[in-house]
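>>> Need coordinates for the following:
(2 chains)
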Number of protein chains: 2
Amino acid sequence: MGKKYVYLFSEGNKDMRELLGGKGANLAEMTLAGMPVPQGFTISTEACTQYYNDGRQINDDIQAQIYEYLAKMEEICGKKFADPENPLLVSVRSGARASMPGMMDTILNLGLNDTVVEGLAKFTNNPRFAYDSYRRFIQMFSDVVMELSKKRFEEIIDDVKEKKGVKQDIELDTDDMKQLVVLFKEFYKKEKGVDFPQEPKVQLMEAVKAVFRSWDNPRANVYRRMNEIPYDWGTAVNVQSMVFGNSGNTSGTGVAFTRNPATGEKALFGEYLINAQGEDVVAGVRTPSPISKLKDEMPEVYEQFADIADRLEKHYRDMQDMEFTIENGNLYMLQTRNGKRTTAAALKVAVDLVDEGMITEKEAVCRVEPKQLDSLLHPQFDTGALKKAAAIGKGLAASPGAACGRVVFSAEDAKAWHDRGETVILVRLETSPEDIEGMQVAKGILTVRGGMTSHAAVVARGMGTCCVSGCGDIVVDYVKKQFTLGGNVYKEGDWISLDGSTGNIYGEAIATVPADPNSGYFGRLMGWADEYRKLEVYTNADTPRDAAQARSFGAEGIGLCRTEHMFFEGERIKAMREMIVAENVDDRKKALAKLLPYQQSDFEGIYEAMEGCPVIIRFLDPPLHEFLPTKEADIEEIAGELGITVERLKNVISSLHEFNPMMGHRGCRLAVSYPEIAEMQTTAVINAAINVTKKGVYTVSPYIMIPLVGEVKELKYVKDVVIATADKLIRDAGTDMKYEVGTMIEIPRAALTADEIAREAEFFSFGTNDLTQMTFGFSRDDAGKFLDAYYTKKIYESDPFAHLDQNGVGKLVKMSVELGRKTRPDLHLGICGEHGGDPTSVEFCHNVGLNYVSCSPFRVPIARLAAAQAQINHPRK
Amino acid sequence: MGKKYVYLFSEGNKDMRELLGGKGANLAEMTLAGMPVPQGFTISTEACTQYYNDGRQINDDIQAQIYEYLAKMEEICGKKFADPENPLLVSVRSGARASMPGMMDTILNLGLNDTVVEGLAKFTNNPRFAYDSYRRFIQMFSDVVMELSKKRFEEIIDDVKEKKGVKQDIELDTDDMKQLVVLFKEFYKKEKGVDFPQEPKVQLMEAVKAVFRSWDNPRANVYRRMNEIPYDWGTAVNVQSMVFGNSGNTSGTGVAFTRNPATGEKALFGEYLINAQGEDVVAGVRTPSPISKLKDEMPEVYEQFADIADRLEKHYRDMQDMEFTIENGNLYMLQTRNGKRTTAAALKVAVDLVDEGMITEKEAVCRVEPKQLDSLLHPQFDTGALKKAAAIGKGLAASPGAACGRVVFSAEDAKAWHDRGETVILVRLETSPEDIEGMQVAKGILTVRGGMTSHAAVVARGMGTCCVSGCGDIVVDYVKKQFTLGGNVYKEGDWISLDGSTGNIYGEAIATVPADPNSGYFGRLMGWADEYRKLEVYTNADTPRDAAQARSFGAEGIGLCRTEHMFFEGERIKAMREMIVAENVDDRKKALAKLLPYQQSDFEGIYEAMEGCPVIIRFLDPPLHEFLPTKEADIEEIAGELGITVERLKNVISSLHEFNPMMGHRGCRLAVSYPEIAEMQTTAVINAAINVTKKGVYTVSPYIMIPLVGEVKELKYVKDVVIATADKLIRDAGTDMKYEVGTMIEIPRAALTADEIAREAEFFSFGTNDLTQMTFGFSRDDAGKFLDAYYTKKIYESDPFAHLDQNGVGKLVKMSVELGRKTRPDLHLGICGEHGGDPTSVEFCHNVGLNYVSCSPFRVPIARLAAAQAQINHPRK
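Coordinates of the predicted model:
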């Protein structure tokens, strides 16, 4: 015999979570602490991995170990498995390192068969209990092991109750239970073609296999992907001797928390049912009593439980979520774990535990999931209202929060409806920069196409507006102003609701509750976080409004101020189009001169909103065709506006057509072709800085960022244009204002030649959206079509646009950091891709030594907290 | 005084080419050898670089050195510059490291002015000569230094001749020459607003500046880009004392080669003119005499020249191209250099020099430019016929050779016309895989859109068909079957001619001469090349025809057999489309079953053509929408063929639409989504190999290549499908056939994680086309629009799709080689991108340790020769 795959509860402890799973490790820990735990054993996660390596078979070695430990368990419990005289029955439960609702949970009463049930009836002198336990076991085994729908069994029970004329399970007597057992077994045989297994050891092995198998079911896979749990962890299986909460009125079962998981308030919180098994509490057939009532019903048991709860919280130094069973007046602990909690509760518990001297500030900072903060910052659905609603469809959870409003189909309509006081949801096939004003006034945005980093998603996150993107099931009819989803038609003005945190779409109005960062606890915890973190946290913001919002969330600068969004409104887009259709440099310069005052005043507003913090301004990035119309009618209208022929405008549009716009004429390539654009933008940046500085409140030192650089000479060319323009303006103004010129690292070649690029660039900002696209060789707009197959087939475990791919893209980032600092040791380094607000990516940025991360305003608190946790877990100087 | 910028001829030698340029180094070498060289000095290439660094100024230091060396030269020659008594006159000529026709060439007679000319007339007692020299000087100086068109001066001469009633320059007398001087100076003043410079030192410095300036003129830049000459080399300037071939009938000037530059025949070859200066030979006003006639006219001079020519050839160990002048019966050598020659001559000269014991085989191998071999393998225009033709337009030189044929506008028409015995040129906006049959029968292909690696270009190069792509000036009207270019309309059936080596388009029929590899010399030289090279040379071929062609050119295997081209003909495309519109796996498998026999028999043909050499077969790569129609009429027709509704076909087409197809659902992503495609392709590959092996002539071991891999798990997924399918077929056939599964490295992430990829891949093939696109972040189809600005602004010096970017893409290749071999030391590595046939890229592949390069059949000889040169210049084990 080789490796040890099975452990008695008395052989483990809480630090063996990787091997025994969370449930197993905590059962062991409680056993170790002398608490009343029904004994048993844990089959390790390594056995699960081995099961998959063996082609989904439990090999002989592991089977032998399981039977060996079953024998040990019999000895400890003083009962024999399948012994009709005094049978040992067991529960079988899954238990991964992290709690995973996607997996098989529990089979109770395993070990019963036609003979044993009679023995149990005799031994307990409670035949109703015995047959009730047996029918429950058949039902659970059929459901979770054999995948026979639980509902079909419920229907059989309903039949029996109807015939008897009763309503409650509890009204069924022993004979009824016996009859149910017969009917269940008949149904089982009809469906499966074989008898219900009578051999307890077979039942056990099938149950263990079912747990292993459930690790790979679709629900579990989706859950893992959402929660970044690696597939190769595997699950453990816990086999525990049964205690029976359903053995009479001095028995019962319940769950409880050491603190209120919704508010964090310090008090036992939970509920229990007398004469019931665990599933009854969950099923909600009978209404459980609050835990406080146990104090009256069974004061001694309550005292014992409260004492254990207190010990467990102190032992684990965190709020506990416990399951217990009372069997004939004796308390048994079935599980304890750190309790899940709302964000508000998480903040309060963490801060309270510090105040109670139980944990340190550093530990408190690590107790809150950064991602959780989202729910504090965005409106959420009213929980009661949400429970009554059913989703009509699902898209991507593109920008968090909840929204409720009336459907409109264009940016103009959004604005018009909003102006007359309506709240609206903007529904579009996809959004484009022209829709920006409509997006600004919408409560929520719903698109048919586009992924997590589509225009709609990026802009919505930037604005903190709820967005569900890429719901391909929707059929939109712009002409009729309606859309179809799930067989229903929704017309302009109809109410719908969106959940940007889940992607759910509801065909009705659901009440929302506004965002409410509990400033006391939030403020204290974030204060500690700011003390510990080394990374600066900047924001991506293009308007004074967003900049101010981000400042209020603690942003210490702007890491990415996109300039193209500024060209879409009103007169601006007209001048922009004049620039694009210009046939020579002079005409182009004339058009640019019209854009200059707009851009300059935008920058002034942003500088003021940022109160002297660094502002990194990225020069024009998107391909020019994004500024031109595509529809025939628009083309005609705009040709008229521009005073050129329709044919000429069409020629310009067709000459700007690109096969792969993502890899086309954009970024600094525009400035190389048309240096006058860079001149105008430099003028706006520098003049705005001079003007704001002149007012004497803040000293502005602007940062100019050149996008899409792949070669140092390309950067130098544009930088030379910037410097010539800027230096002249500064000289003419008689100031000695400082400014820096840096670049995005978003093209693999820039990363590969970062040592050369750093000769010219005074700072780097990693544009990990584009860098991810180029490194993987897939476009974020197109990848949606095939990435699902990649998740299903476990090729990728998470979306590389949401979580930085550390293995590939990360290698380029690391290489750039090293090469860049070799050339310029004080090179200032940051990230401004979507990943800047993703906690695991923030940790990576911390580890490779970046100076800052930049993310959309609403993710700034997340990044601050993630940065602090990174420093606490991986301290750097 | 710091650095030495100026060298007397007597201070240099032939090894100082970098510093003195080719011309300067060779003048020094001849001086060293005691040959009659008019003395002078060379201003170094470093002075040119300094000129640009100083903002296009010749700094005081360099000016002082020039004057200092002018004084030394006066001493050597025993004459004084600008001395009316016995003036030293000089020629000023550019001279870069490599000969560069784009640059300023020569100013003769510099130092003349109104005073000096009279002195010269007196001193030589030949006033006509003196004034002729002066008017020539004014003309040349005005042209090359002041950019006044030479033509305007010719018009003045014509005026004077007309008034006098004569036809030949030689009929003009002294007074006419004096009058010309006056008229020239008047014209100069009118145009330039100042007098013609009378101060010889000013003339000299202006001429030197003009040479430096000419290094950066547009012609020179284009030439450098075409010939891969780095911009930072700079040019030297040679200042040489004048000798006068126009000083009477015992004077003259000429050029000659030591061997015939067209055929390589060993005999003095050249021509000369009596009483003339160099420019007269070039201008072609008088007909020069063959060099053999000099033997009769001036036997002593001829003997002396023949002797010098012989010595020079032996000295330089290569065929020489010499310029000489005879002044009053004295021979002077003005220049010698290795002579330019045709490919045929290059081969013969190299082989002859080996036979004559003058050079080694290794040296011979290095004497032929690999690129030159192209002209042996493709038809060329008849030189005489070409001289009379004028190009009507220019596109990209996409696939070499010359073609002449009648215009057709569709693949169907091409086939129809060809079938009735016509030779055709296929003119298309752009080609697509559907056009393949038409492309196969066309003599040449002309496209309006698309770059050097567009579909048309790649396919044409593969077939060895002449192609000019991306001629954006053409306006095509498919309906009227005509195109417009340069103001002319060309209709279907009109004759045009294409030069795929220059990109020129001619609106007429120009006779071509067929390809004719001179097998004797070609064979011997290539034999030596094959002995020395370490790189294997494979080919990219998709048909038995191409495979056989490549074998005949020496290919040792197929490095890239694309499988998608096989799906376009007749019934195949129908089955392919059925596969694409299939709604479930079963229907997809049914359609694939129809494709299987076609693909299998194609592979059998290719295996047989390759005679047991390795054949690397790449699985389906392009996005599926390439197989569907785009035009309304075609959609209707094809929906009918497929037996589905037009709406359904449109839905499929629209669901396959991609924003960036290059980064979309293609490559192995298709096999991940539809593993049954990989199963079918595996079956075809393996069954074909089994069948061919059974015949007992060759043993086939197939290589299966999975494209577009970015992650090892992705490769493993597809490889598992391949192995399961292949192993079963091999088992069932009762053979023990070997096969390998490898991957393309064409996505940056694959290169970055090559150590992981190599765990599964048994070989790597670098797909440097896609790798270049992803690494630079630009699409080859779109980059054409902005890359011109990059060349003009000297950001890129050459097309990264033609020459591998060693700095960026090359770094990824190198990294992959190292990481891949770390995991799998015997990993077989090659390249199958377009770069596989580019000599500098081949050298890079050799240097980083690849095992093979693979290129289109017609580039196989080029790659063989380049590989040999790489080994000779950078030996590896």
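>>> pLDDT below threshold where in the stretch 451-600 of chain A?
Applying pLDDT under 70 to the stretch 451-600 of chain A flags the ranges A:453, A:517-519.
>>> which element is A:Val672 on?
A:Val672 belongs to helix A:668-673 when assigned by DSSP states H and E.
>>> First-to-last residue distance for stretch A:239-248?
End-to-end distance of stretch A:239-248 (C-alpha to C-alpha, to the nearest Å): 24 Å.
>>> mind listing what's buried in that stretch?
For stretch A:239-248, burial by neighbour count (16 or more other C-beta atoms under 10 Å in any protein chain shown) applies to A:239-248. To be clear about C-beta, it is placed using only N, CA and C from the backbone, and glycine gets the same treatment.
>>> Kindly report the same for stretch A:166-181.
A:169, A:172, A:176-181.
>>> what about dumping the CA coordinates of it to PDB?
Output of stretch A:166-181 as PDB, limited to C-alpha atoms (Å, rounded to 0.1, in the frame of the first residue of the first chain):
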ATOM      1  CA  VAL A 166     -53.500  15.300   4.600                       C
ATOM      2  CA  LYS A 167     -51.300  18.300   3.900                       C
ATOM      3  CA  GLN A 168     -48.100  17.900   6.000                       C
ATOM      4  CA  ASP A 169     -45.400  15.200   5.800                       C
ATOM      5  CA  ILE A 170     -45.600  15.100   9.500                       C
ATOM      6  CA  GLU A 171     -49.200  13.800   9.300                       C
ATOM      7  CA  LEU A 172     -47.900  10.600   7.500                       C
ATOM      8  CA  ASP A 173     -47.700   7.600   9.800                       C
ATOM      9  CA  THR A 174     -45.400   4.500   9.800                       C
ATOM     10  CA  ASP A 175     -47.500   2.700   7.300                       C
ATOM     11  CA  ASP A 176     -47.500   5.600   5.000                       C
ATOM     12  CA  MET A 177     -43.700   5.700   5.300                       C
ATOM     13  CA  LYS A 178     -43.500   2.000   4.500                       C
ATOM     14  CA  GLN A 179     -45.700   2.600   1.500                       C
ATOM     15  CA  LEU A 180     -43.400   5.400   0.300                       C
ATOM     16  CA  VAL A 181     -40.400   3.100   0.600                       C
END
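>>> which residues are in contact with it?
Residues outside stretch A:166-181 that contact it (C-beta atoms under 8 Å, 6 or more residues apart in numbering or on different chains): A:117, A:127-128, A:131-132, A:134-135, A:138, A:156-157, A:160-161, A:164, A:285-286.
>>> Now flag whichever of the buried residues of stretch A:166-181 is closest to chain B.
Nearest to chain B among those: A:Leu180, at 41.1 Å, using C-beta to the nearest C-beta.
>>> Quick one: mean pLDDT over whichever strand or helix holds that closest one.
A:Leu180 belongs to helix A:174-192 when assigned by DSSP H and E. Mean pLDDT, helix A:174-192: 95.
>>> Any residues of the stretch 551-700 of chain A in contact with chain B? List them.
Residues of the stretch 551-700 of chain A that fall close to chain B, judged by C-beta under 8 Å from any C-beta of the partner chain: A:658-665, A:669, A:672-673.
>>> Could you list which of the residues you listed belong to helices?
A:669, A:672-673 (DSSP state H).
>>> and the residue nearest to A:Gly24 when sequence neighbours are not counted, how far is that from chain B?
Leaving aside its sequence neighbours, A:Gly24 sits nearest to A:Thr42 (C-beta to C-beta, 6 or more residues apart in numbering or on different chains; 3.6 Å). Distance, A:Thr42 to chain B, by C-beta to the nearest C-beta, to the nearest Å: 30 Å.
>>> Do I have it right that A:Thr42 meets A:Val211?
No - if you go by C-beta atoms under 8 Å, A:Thr42 and A:Val211 don't touch, sitting 11.4 Å apart.
>>> and for those two, which residues touch both?
Counting by C-beta under 8 Å, 6+ apart, the shared contacts of A:Thr42 and A:Val211 are A:Val237.
>>> I'd like the next helix or strand past the helix holding A:Val672.
For helix A:668-673, the following helix or strand on the C-terminal side (DSSP H and E) is helix A:675-694.
>>> After that following helix, heading C-terminal, what element do we hit next?
strand A:703-706.
>>> list the helices and strands that following strand packs on?
Here strand A:703-706 touches strand A:615-618, helix A:675-694, helix A:712-733, strand A:740-745, strand A:763-766, going by 3 or more C-beta pairs under 8 Å, 6 or more residues apart in numbering or on different chains; DSSP states H and E.
>>> Next, format the ones you listed as CSV and append mean neighbour count and mean pLDDT.
Shown next, in CSV, are the helices and strands packed on strand A:703-706 (neighbours: other C-beta atoms under 10 Å in any protein chain shown; pLDDT from 0 to 100):
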stretch, mean neighbour count, mean pLDDT
strand A:615-618, 26, 98
helix A:675-694, 22, 97
helix A:712-733, 18, 97
strand A:740-745, 26, 98
strand A:763-766, 28, 98
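>>> Ok, which of those comes nearest B:Asp321?
Of all those, the one in closest proximity to B:Asp321, counting by C-beta to C-beta, is helix A:712-733 (35.8 Å).
>>> if we can go back for a sec, of the contacts of stretch A:166-181, which is the nearest to chain B?
Nearest to chain B, judged by C-beta to the nearest C-beta, of the contacts of stretch A:166-181 is A:Ile156 at 35.5 Å.
>>> if I read this right, that closest one contacts A:Glu186, doesn't it?
No - A:Ile156 is beyond contact range of A:Glu186, at 9.3 Å (criterion: C-beta under 8 Å).
>>> who has more neighbours, these two?
Neighbour totals were compared for A:Ile156 and A:Glu186, and A:Ile156 leads with 17 against 12 (other C-beta atoms under 10 Å in any protein chain shown).
>>> and the residue lying closest to the more buried one once chain neighbours are set aside, how many residues sit next to it?
With sequence-adjacent residues excluded and distances taken as C-beta to C-beta, 6+ apart, A:Ile156 is closest to A:Leu183, at 5.2 Å. Residues lying near A:Leu183 (other C-beta under 10 Å) number 17.
>>> cool, A:Lys161 as well?
For A:Lys161, the count of nearby residues is 16 (other C-beta under 10 Å).
>>> Could you do A:Pro800 as well?
Using other C-beta under 10 Å, A:Pro800 is surrounded by 25 other residues.
>>> and what of A:Leu204?
For A:Leu204, the neighbour count with other C-beta under 10 Å is 24.
>>> now the one 5 residues further on
For A:Lys209, the number of neighbouring residues by other C-beta under 10 Å comes to 16.
>>> show me the contacts for the nearest residue to it once chain neighbours are set aside.
Of all residues not flanking A:Lys209 in the chain, A:Ile58 sits nearest, at 6.2 Å (C-beta to C-beta, 6+ apart). Contacts for A:Ile58 were tallied using C-beta under 8 Å, 6+ apart; they are A:47, A:51, A:66, A:205, A:208-209, A:212.
>>> give me that answer again for 10 Å
A:Ile58 is in contact with A:5, A:43, A:47-48, A:50-51, A:65-66, A:205, A:208-209, A:212, counting by C-beta atoms under 10 Å, 6 or more residues apart in numbering or on different chains.
>>> now A:Thr539
Counting by C-beta under 10 Å, 6+ apart, A:Thr539 touches A:462, A:546-547, A:549-551, A:553-561, A:610, A:613, A:832, A:836-837, A:853-860, A:863.
>>> try A:Ala509
A:Ala509 makes contact with A:385, A:389, A:404-406, A:423, A:494-497 under the criterion C-beta under 10 Å, 6+ apart.
>>> as a whole number, average confidence for the helix or strand hosting A:Ser841?
Assigned by DSSP H and E, A:Ser841 falls within helix A:839-848. Helix A:839-848 shows a mean pLDDT of 97.
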